[in-house]
Each structure stands twice: as structure tokens, then as C-alpha cells.
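Undergrad: need the 3D shape of this:
(3 chains)
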Amino acid sequence: MSAETLYGLCAAALVGLGLFGSIVDPQPLRKILAFNLLGGGVFLLFGVIARRGAAAGMAADPVPQAMVITGIVVAFSATALAVTLLLRLFETTGQATLRTGAPARPDPDSDRAGS
Amino acid sequence: MPPAVTLASAATAGGFLLVLAIILPAAGVLLALAFGRHAERIALLLMPAGFAIAIAILADVWHSQASLVAVMGGWAPPLGIALRADGLSAMMLVTTALVICAVGLFARGDFGMPAGGGEARAPLVFWTMLMGVWSALNAIWLGRDLFNLYVALELLTFSAVPLVCLDGRAETLAAALRYLLFALVGSVLYLLGVALFYGAYGTLDIGLLAGRVRAEPVVWVSAALMTAGLLAKTALFPLHLWLPPAHAGAPAAASAVLSALVVKGSFFLAVRLWFDVLPGLPGVPAAQALGTLGAAAIIFGSVLALRQERLKLLIAYSTIAQIGYLFLLFPLSTGAAAAGIWGSVAWTGGVYQLVSHAIAKAAMFMAAGLIGEALGHDRIAGLGGIGRALPMTIFAFGLGGMSLMGLPPSGGFVAKLMLLTASVTEGQWWWAVVILLGGLLAAAYVFRVLAPALAGADEPLRLCARVSRRREAVVLALAVGALLLGLLPLRPSELLQIGRPAAPTAIMR
Amino acid sequence: MTGAEALLAVSLATPLAMLAACLSPRLRARMPGLLAIAPVPALAAAFLSPGAGVALPPALLGLTLALDMPGAILLGTAALLWIIAGIYAAASLRGQANGGRFAAWWLLTLAGSLGVFITADLVSFYLVFAMVSLAAYGLVVDDGTPRARRAGGVYVSLAVLGEAFLLMGFVLLAAATPGSSLLIHDAVAALPASPWRGSTLLLLILGFGLKVGLVPGHVWMPLAYSAAPAPAAAVLSGAAVKAGVIGLIRFLPFGAALPDWGGALAAAGLVSAFYGVAVGITQANPKTVLAYSSVSQMGLITAVLGMGLAGGNAGAVLGASLYAAHHILVKGALFLAVGVVQAGGARRLWPVLLPAAMLALSLAGLPLTGGALAKLAVKAPLGDGIVGQFATWSAAGSTLLMLHFLARLAAAAAPAIQGPVPARIVLPWLAAALASVAIPWALFLTAGSGTLSEALAPATLWAAIWPVLAGGVLAIGLRRWGRWLPRLPEGDVVVLAEGATGAARASGEALERADVLLRQWPVAGVVLLALAVILGAAMLAGH
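TA: The predicted model follows:
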């Protein structure tokens, strides 16, 4: 088994784990972690692609690496934003859960127009 | 190399406008963060400039009858990154500028900085994120590189999420978090598809990729992943879990931007992917599958809208239904008979729907915001007599509703007419049934709001707050715009053909 | 643009300009007094502009306007009724708080109602048709009672349904028209050769059938006309409903003989003609009785057009137009009569009942009245066959229904004497009554091909009088045994349809439950992945 195949399989496994976590796990924090796992898998895939490009005679294909760096920045920002939201939610309600399937109508007793 | 590629790689004279269209709002974000107290003033000053740029790009594209191209740093693709404005991009740029400017004028009273001289968080976030949404959207309309478009899509999400929870209530925070997390899963799927494309073809430039893709498994896998990811971000039924609470909970000005523009960004990328990157490759069954989801969205969203008790939730569910119409574009212009002028009827109709829904829905959300402000609630059952208190606002809501129903002469009417015509000439009459049924249901839910609003109140109406005439006028102007869209002679169809040598006529297979 | 062409544009623009003026609260308050002015240019256009045609620039909606002979007949009489009813409305609205709102709906309905007679392209026609159909809602629910709101709800649902049928029909028409012409004339000329001829005809007949109240699409008529104020009911039943008639006239391909379609349409029309009488005689409210009479009369007009379609006889169009023109005036005047009786008291009943009786029998076709001429005009198109026989018998039915109406009208008078009825209410009504006699004569002798000697021939008179006598005999029977008749609710079968709303509600609840399920995070996540797989598989299957 070549290194690329091994890394590719690892990437697939990470993506699978990440997807499983982000779908099944009800805790928002774990969903955020699962998203990072998912992102890690995709970045590893980019690495595999960069490596494969190197087989064409170059030392390595630099473009996927540039994309991975950008992707990491994006994923980091996403994580930061999500964690901030989660913290605010925790401060406001005292709990860090998302009620799945929140009722279609917000609390009918509250008289606010949402503005 | 096909001619489209050589076309895309040469920068045109007006290319700097494309860069400006993205940079200007982004500069607004930075300036607003640096001088927080003046965020509102900075945003409002930038709006006319941004609008002028959008108009200039449209004029340039129309005048030269060719795409505007900018090449970053003088490096041609595949090394560099290109921006390109075809007719569709130009139209979206102008629509975006129009809605953003209207929202800005509307929000002036809502999100003013406190008089004491300090800076408040909600106004700062609102104005910076509004600029952020604008910049990201312009990047999406103009981008020619799939990875670049990924970054723009993420910027769009990151700017939109804070808009959802501006008021910091627990339920809007939860809605924002759900939105963000679901959108993130969608964007990872998109990125996965991007990686596969790069691995297979060694480029992500749309023009180059279109020349290299072949009908093979890797294309199908990555196209399916990218499309599914984009559907999640567009909230196409049944992936709409995040939309109703997010759009209904946000302040009116923010809801208007979210419903009118933000969901359209990811839809636009799906269109780019199917018609520019993979002309004809996804094939008829996949297009029918997308159309089926769209049809389900129309019926489902409309019925749910009919059953809501709150005005903003009704409008949010109506957005789900109206998004459904957009996806009828896929089967109707991918069909076997999509030749010549008829292929472009569905195409034009879909884009008309995109633009007219953007304008009408922004007006309706802002009208709902004013109603909520005046009444202190937005229960539909309690709207009795509001028509006499806020005639301009209710009139604007009705005009927007006309566009949703597809009554002449609104833009929605033209859109539905074209989609119906396409479904007849393509022999796909089942979409026509859905379009008509959706129109009936839309009439029902708009009527459900207008009937009590126009009737007299059972008890004298008690208004909590006075609504400024200026804000009413902004909403009305936007709604009239949605109506007038139907009066444009059919120039848009010509505009949309600019810069599209390959699509959609080359789709036969 | 010549003067005649400009007049067409002005007749559409005047009510719309007045509507725009309603945006100013001050002008809106004064608008009820000015309602009668709005249709004046249209009346002038009916005389001066026949044969004119004009395509307006895109800035003016790109409307194409044209006036042919049937259009001119209907435009003129409808404009006349709108003027008379406008005067009546101005008087009855005096001092009412919501007069401005009523005036706005009135003007919008008016613009649409007159617009359908002069628009010549598909899109403009659809626009004005939607205007007259939907704006009438505001007139129906004017008094805001629960009964009016129910009537408005039923009305607007069916109106929107009709719009949907028409939209699809128009799309099919346009798709089958060679070239890019959107003119109704070109589209209908291409219809007989259209690949979708059957579906197009069906959709058009369904759409316009709902408007003219073909059974069972008639259910909105009794509800809406009895709920609307008298002047509104007058213009809705007289003028607005003719949008459906002109629709059938403009869109059915009379140039080609289509016996199947024509026969079916004639049969549907005759069913309506008798159904309206049968249910009408069970009704107590005089306005409801008049509404069922409208169902019956519109059915007869439809039957005439159906026979024209069956035989490829374009002459049926002129006959139907003359018949419809008479109906515009006489039905408008009858609804105003109800208003006059309700405004007055029992003591002053006879001066009102006498002209009303003349109007009612005119509708039934009493010799020398406008109604007899109207019946004469459609005699040839209906033919001597079974359809013609049934049509003659329907005149007896009309007599019966109208005598029943007179009885109910007398019973509906306010028991207390409310002082003299103001002249500004009585005079417009008398004008309408007079017009309903004079105008058909004028039209019969000018626009139609009729002659005085033909109208006064003994055979013609006898053919007109015996159904009236037969109807009189039936009316005596009704008076004697009428109490054994069942009391049907207004709008009869609509009650069944309203019962079915429970099923609709249940399916709505099911969708709502599905929504809650689909918005569970794990469900949505799995659906997302499933969609990716399905899309990939579909793409694979496509190659």
C-alpha cells in the first residue's frame, strides 16, 4: 500500500468520523469538535493530492498546500465563532444544548415581535 | 483550448470595477471595526459608492456585450485567480446593491449609535456584518475559482450568523448556532468536492475546469457532494431546519438581507456548478431529482406558511417555498429539448424569480418589522385594523405578496409565466401543476395576512410605537420596485445571455 | 395616436388615475362623490372608438388596446351601468366613514371591468381580468360582517382558482402561437391547430366558467351578491361578471367548428340555466334570488356561445353580446331596486314595485321589453333543435324565478316607514330601468341586424309571450305549494365543499408534524448525506 493510499484512507476515516459526530451527537460542543475532525480529513485529502501531484516530477504541488492553509484559517474562524455563540448561549440560559427540533412556533406567551 | 477559456484569461479594461465591488464593502468592515462609533456613517457613505459600482459594471457589460474580466496580480489562471462578470453576475450585483441600500436606509433608525457617544454592540455588529455580507456576496457573484468561492461562501455564512442573533436572546442564539453548525457541514461537503476536482483535473478555475471535465465517477461524486453542501446552505426542503427560527428571529432589517440575499449565494453557486463548470454532465435524472425537491419545497413551504400564527414565521416559510421555484430551473433547462430560445426561457424565468423574490421578500420582511414595531407583536390574528394605521406598509406588503402569488405585472408573474412556458414546451407539465398550486397557496397565505389587516378592528387598535414615514417609504419603494420588475421589457433575457457561450444550449446529450 | 385610440387609453387610465389620487387622504375622502366620472371616457370610447387599436409604449405597461363590435356593445352598456351605480353609490355612501376605502376598491374593479373589453393581448387581458376578479373582493366584504367575510373568502378562493386555470391556458395559447405575437387574435387563430388544443380549451372554459358561474362554479355568486351593498352588487352582477362572457367571446375559436367542445359547453350552460331557477325559487333573500337568476342567465349566454362554437358560427358572438348587454342593465337595475326598497318603507312600496316588475319581466323576455329583443337576438344561434327548445323553456323558468323575486322583494321592505326615499337614490335607479328598455332597442336596430318589423311580427310576439304565460302559471303553483320546497342554503353545494376543509386541515397538520420531524438535527443530517448519495447515483444513472 502506497503512502498516498494510506493517507487517503485516513482522510476518509476522519471524514466519516466527523460526519458521524456532527450528525449524531446532540452536544453542540461535540458537534464543533466533529466539524474540526471533518475539516481535518478534508485537509489531509488536500495533502494527499499535493503529494500525488509531486509524482509528476515536482517536489510537491504547492497549490493544495496554500488551500489547506486558507482552509485552516477558515475552519479556525468558524470554530471561534461557534464557540463564542455557544458561550453566549451558556451565559444566557445556563446550559449549552440545542433542543433538536425546536417547536415551529416560538413561545406563544412572549409578546415580542423578534425585533 | 475552448474559446471560453481564452476569453476568461484576458483581463478587460473595466476589470478594476470588479475588484472594487469586493474591496469597497470589505474596507467598510475594517473601517467600521477601527472607528466603531462611526460604523453607521461609514456604511451609509459606502452604500451609494457600492451601488454606483454595481451599476457601472452592469452598464459596461451591457454596453460591450461581453463579460468583464479581472485577473488578480496579472497572473492568468490556472496560476492566478480571475474575477468575471457575465450578464447574470451583473444582474445579481445590482440586485444586491439595491437590497443592501434599502436595508441600510431602513435600518438607520433601528441601529443608530447611542447618543451618548459610546458604541453599542448591536449597531456595530449590524453595520459591519451588513458590509461583510455585501462583500462576500459580490465575491460569490464574481468568483471564477471554486476554492475562492468556498472562502467567499464561508465569509457569507460568518457575516450572516451574527445578524441572526443581534438581540442576544437565547432563542436567537440557539437559532444562530444551529444555522452555523449546519452550514458548516454543508461547506465541508462542498470543500470535499473541491478537493476531488483539484485532484482529478489540477485546476479549480471554472473556465479551465469546464474544458477538462469528462463524464466519469469522480465528477459525479464531487458534483453530488458540492451540490448537497450547497443545498444545505440554501435551506432547500428537506434541509430547511435552520431557516425558520433564524430568519424569523432576527431583526427585520437582518431578516430581509438573510432571506432576500444570503440564501441566494449558495443557490447561485449551484447554478454555476451545474451550468458553467459541468455543462450537461449532471444529466436528466439528477436535474429531475433537484426539481422534485424544489416542487416539494413549494408545496411544503406554502402549506406550512399557511399554518403559521406569526407573521415573520409565515414569511420565513414562504421563503422556503420560493426557494423551491428556483430549483425548477434545473430540470427545465437541462431537459433533452433544451435547445435554442426555450432553454433560455427557463433560465431567464429562474433568474427573474431570483431577483424578484429578493426584492419582494426584503420588502415584506421590513414591512413585517414595522408592523411588529407598531403593534408590539406579530400575531396574525391580532392584525385587525393595522391597514388603517400603517396604510403604506400594508400596501407594500400587498405588493410584495402580489409578486409571490405571481399576479401581473409583478416580477414574480413574469418569472412564473416563463417557468410555466418552459414546462409546457419541454413537455414537463408536472412542474406547471406545482407552480400553479404554489401560486394558489401563496395567494392563500398572503390573503390570510391582508384580510384581517384591511378589515376593521374588533376593538380600537392600540399602537405601541410610532413608525417613521421615512422607513415606511423605503419599504414601499422596494415593493414598488418588485412590481415594476415585471414592466421591464424582456431585456434581462438578452443580458443573461452575455458571456454564456456554452450554457445552456450545449446541454443536449 | 389618433383621438379614437387615445380615448381607449384614457378610458382605462381615468379610473386608475383616480385610484392613485386616493393615496392622498384628503382626495380619498372626496372620492365617493366623483365615482360616476370614472367610466365617462369609456362610454365615449364605446361610441367613438370601435375599430380602433393601439399598442401603448412599454412605459405604460406595453398594453395593446383594441375595440371590436362585441367589445364596444359591452363596454358602452357596462360603462353606463357603472356611471348610474356610481351616482347611486355616491348617494348611499354619503356620510359613511369608510367611503374612501369603498371608492378605492370600486375604482380598481371598475378599471378591470372596463379593461377586459378593450385589451387585445394576453398579458394585458390577464392583468385587467385579475384586477376585476380580485378587487371585487373589497366590494363584497365592505360591511365587514362575518357573513360578508365568508362570502368574500369563498369568492376570492374561486377567483384565484380561476386565475390559475386562465394563466395556464394563456401559457398554452402563447406556446402554440407561431412567432412572438401575444395578441389574443393571433393566439386564438392558432388554437385549432395547437398540439394542446384540448387542454387549452378545457382550462379556458374552466377559468371563464368560474367567472360566469357555470354550475358548480356558481357557488360564489349567491354569497357575494347578497353580501355586497346594493350598488356594488349591481355592478358586480351586471358589469363585472361580463368579464367572463367577453373572455369566452375572445378566446373560443369560433372560426373553427368544434362540435364536441361546443356541445359540451352548451349543455353545461343549459344545466346552469335550469339549475339557477330550481335553486333560486327556494331562496328567501331577494338579492340571493337575483344571484341565482344571474347563474341562470349566464348559463344561457354560455349555451349560445357553445352553439356558436359547435357550428363554427361567429354570428353567435353578436347575439350573445346583445343578450349580455341587456343583462348588464336589467340586472344592475334590479339590484338597485332592492336597495331602494330597503331604503324606503312598506307604504311607498307600489311606486317601486311597478317598475321593478317591468324590469323583472323584461329579464324573462316579455314582448316589447329589451329582454324580448335579447331573446330574439340569440334565437338564430341557438337554433331550432333541442338546445333551442330548452332555451325557450328556460324563459318560462326565468318568469317563474322573477315572479318569486317580486314576492320576496315586497316581503323584504322595511316594515317601519322611514320617510321618503331620497331622490338621489331613486333617480339613478329609474335611469337604469329606462336604459334597460331603451338601450336594447337601440342596439338591436343599429349594432344588430334586426328590423322593427321583425321585432313586432305576431309570430315573434307569440313566441315571446307563451313562455311568460307558462312561467306565470308555474308561479301560481309555486305560491300555492311553495312551502313544500326544501330551504336550500345560499350557495347550495358550497356547504359540502366547506365540509371538506376538515380534510385539508388534517393534511396540513400532517405536514406540520413532518416538519417537526424533518427539523430534528439527526434526521436533517442523514437526509443531507442521503441527498448527496441520491444525486451521485442519479448522475451515474444519467450516463
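Undergrad: what's in contact with stretch A:21-31?
TA: With contacts defined as CB atoms under 8 Å, 6 or more residues apart in numbering or on different chains, stretch A:21-31 is touched by A:33-35, A:37-38, A:82-83, A:86, A:89, A:96-98, A:100, B:177, B:181, B:184-185, C:521-522, C:525-526, C:529. The C-beta positions use only the backbone N, C-alpha and C, and glycine is treated the same way.
Undergrad: roughly how far out does that stretch sit from the chain middle?
TA: Mean-position distance between stretch A:21-31 and its chain equals 11 Å (CA atoms, centre = their mean, to the nearest Å).
Undergrad: how about stretch B:400-418?
TA: Here stretch B:400-418 is found 17 Å from its chain centre; the criterion is CA atoms, centre = their mean.
Undergrad: helices along the stretch 401-509 of chain B, start to end?
TA: Counting by DSSP state H, counting those that start in this stretch, the stretch 401-509 of chain B has these helices, from start to end: B:411-425, B:429-454, B:469-484, B:491-497.
Undergrad: in CSV, list the ones you listed along with mean neighbour count and mean pLDDT.
TA: Formatted as CSV, these follow (neighbours: other CB atoms under 10 Å in any protein chain shown; pLDDT from 0 to 100):
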stretch, mean neighbour count, mean pLDDT
helix B:411-425, 26, 88
helix B:429-454, 21, 90
helix B:469-484, 21, 89
helix B:491-497, 17, 62
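Undergrad: export those helices to TSV and tack on distance to chain C?
TA: Formatted as TSV, the helices of the stretch 401-509 of chain B follow (distance: least, CB to the nearest CB, whole Å):
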stretch	distance to chain C
helix B:411-425	4
helix B:429-454	5
helix B:469-484	10
helix B:491-497	10
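Undergrad: closest to chain A out of the ones you listed?
TA: Comparing the helices of the stretch 401-509 of chain B by their distance to chain A (CB to the nearest CB), the top pick is helix B:469-484, with 12.1 Å.
Undergrad: okay, the closest one in PDB with CA atoms only?
TA: Output of helix B:469-484 as PDB, limited to C-alpha atoms (Å, rounded to 0.1, in the frame of the first residue of the first chain):
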ATOM      1  CA  ARG B 469     -42.800  57.700   7.500                       C
ATOM      2  CA  ARG B 470     -39.300  57.600   6.000                       C
ATOM      3  CA  ARG B 471     -39.000  53.900   6.900                       C
ATOM      4  CA  GLU B 472     -42.400  53.200   5.500                       C
ATOM      5  CA  ALA B 473     -41.400  55.000   2.300                       C
ATOM      6  CA  VAL B 474     -38.300  52.800   1.900                       C
ATOM      7  CA  VAL B 475     -40.300  49.600   2.200                       C
ATOM      8  CA  LEU B 476     -42.900  50.900  -0.200                       C
ATOM      9  CA  ALA B 477     -40.300  51.900  -2.700                       C
ATOM     10  CA  LEU B 478     -38.700  48.500  -2.600                       C
ATOM     11  CA  ALA B 479     -42.100  46.800  -3.000                       C
ATOM     12  CA  VAL B 480     -42.900  49.000  -6.000                       C
ATOM     13  CA  GLY B 481     -39.600  48.000  -7.400                       C
ATOM     14  CA  ALA B 482     -40.600  44.400  -7.200                       C
ATOM     15  CA  LEU B 483     -43.800  45.300  -9.000                       C
ATOM     16  CA  LEU B 484     -42.100  47.300 -11.700                       C
END
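Undergrad: now the angle between helix B:411-425 and that helix, please.
TA: Put simply, helix B:469-484 runs at 20 degrees to helix B:411-425, going by axes from the mean of the first three to the mean of the last three CA atoms, to 10 degrees.
Undergrad: can you tell me the closest non-neighbouring residue to whatever residue of the stretch 201-350 of chain C ends up closest to chain B?
TA: Nearest residue of the stretch 201-350 of chain C to chain B (CB to the nearest CB) works out as residue C:203 at 10.0 Å. Residue nearest to residue C:203 in three dimensions, not counting chain neighbours: residue C:169, with 3.5 Å by CB to CB, 6 or more residues apart in numbering or on different chains.
Undergrad: so that neighbour touches residue C:197, yeah?
TA: No. Checked against CB atoms under 8 Å, the pair residue C:169 and residue C:197 is beyond contact range at 11.3 Å.
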